[in-house]
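Student: here is the input, now give the coordinates:
(one chain, ligands or ions: 4)
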Amino acid sequence: MKQKISLRLIFILGLFCIYSVLCLAQEDMKFIKSPAFKTYQRPPAVFVHDKHNEKAGLYDCSICHHVYEKGKLVEGAMSVGQSCSDCHKVKKTTADMTPLMDAYHKQCITCHKKRKKGPLACGECHVKK
Ligand code: HEC
Ligand code: HEC
Ligand code: HEC
Ligand code: HEC
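Tutor: Numbers count the residues shown, from 1 in each chain. Ligands and ions are numbered 1, 2, ... in the order given. Modelled structure (predicted):
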């Protein structure tokens, strides 16, 4: 009888562990620090992914996770699962490929300007801890 209870306890504890691991895995990203840069002149950029996109009303993932074919944007196609640095390299590769830092800056700042919302100053994104 006693053994049965402790087995049940282990089972419940096990479920709890699986549950917490799943919750941790789903935790929102808080900032962007692409490993591609290797050295950093600035602190990581603040970007609380899900919260940012909810507040800004961005439900179409392809706005940021885009796909191009022969230099043309493919409407609605998404590259979720790929890092920006998979395509945009730190050093300029070809004349028509935006390098990584410019890719981040252009995507983030163009929209903030257009919508007159969101940070434009270096220190508002690259926040010192
Ligand atoms: C809207 C937000 C935003 C603003 C404003 C912004 N940045 Fe960034 N910047 C980013 C993001 C996102 C990255 C990628 C961060 C990373 O991977 O570490 C980045 C990367 C960089 C990098 C390359 C990584 C590094 O730390 O060396 C530099 C340098 C940089 N920014 C400098 C600046 C400067 C200077 C300004 C102001 C003129 C500025 N940024 C304004 C978002 C921003
Ligand atoms: C405002 C731009 C933007 C929008 C909209 C957006 N994302 Fe992202 N997402 C990013 C950036 C930037 C990164 C960091 C990528 C990098 O640095 O390589 C990222 C990373 C991710 C990651 C990697 C997870 C992680 O924590 O590292 C996933 C998964 C993801 N996004 C899924 C989505 C999905 C699904 C949607 C649509 C519901 C979406 N994103 C909408 C900008 C955006
Ligand atoms: C699957 C490859 C791929 C991924 C992943 C990708 N891009 Fe791009 N991106 C391209 C190509 C190809 C172009 C067209 C050439 C150019 O303008 O640099 C482009 C163009 C751009 C441009 C210039 C045109 C515009 O929209 O203003 C920006 C900025 C940009 N990407 C930012 C990003 C950011 C930020 C991420 C990560 C959230 C990202 N890209 C992820 C392939 C990709
Ligand atoms: C398509 C439009 C769009 C893009 C792309 C975008 N933002 Fe924003 N961002 C907004 C809007 C709109 C707000 C203001 C939201 C509000 O408070 O109403 C905002 C707010 C912010 C804020 C203020 C805090 C917050 O979460 O509300 C930060 C920090 C920020 N953006 C960082 C970034 C970074 C870094 C990128 C690029 C990786 C980025 N944004 C790309 C539209 C965008």
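Student: so, low pLDDT: which residues of the chain?
Tutor: 1-26 (pLDDT under 70).
Student: show me what from it comes close to ligand 2.
Tutor: Within reach of ligand 2 by Cβ under 6 Å from any ligand atom, the chain has these residues: 29, 32, 34, 49, 53, 58, 61, 63-65, 80, 83-85. The C-beta positions use only the backbone N, C-alpha and C, and glycine is treated the same way.
Student: apply 5 Å and report the result again.
Tutor: Contacts of the chain with ligand 2, taken as Cβ under 5 Å from any ligand atom, map to Met29, Ile32, Ser34, Asn53, Leu58, Cys61, Ile63, Cys64, Val80, Ser83, Cys84.
Student: farthest-apart pair in those residues, please.
Tutor: Pairwise distances across the residues of the chain next to ligand 2 peak at 19.9 Å for Ser34 and Leu58 (criterion: Cβ to Cβ).
Student: compare the two (neighbour count), which wins?
Tutor: Under the neighbour definition other Cβ atoms under 10 Å, Ser34 and Leu58 were set side by side, and Ser34 has more, 18 against 12.
Student: show me what contacts that one?
Tutor: Contacts were defined as Cβ atoms under 8 Å, 6 or more residues apart in numbering; by that measure Ser34 touches Ser83, Cys84, Ser85, Leu100, Tyr104.
Student: filter those residues to the buried ones?
Tutor: Among the contacts of Ser34, those classed as buried by 16 or more other Cβ atoms under 10 Å are Cys84, Leu100, Tyr104.
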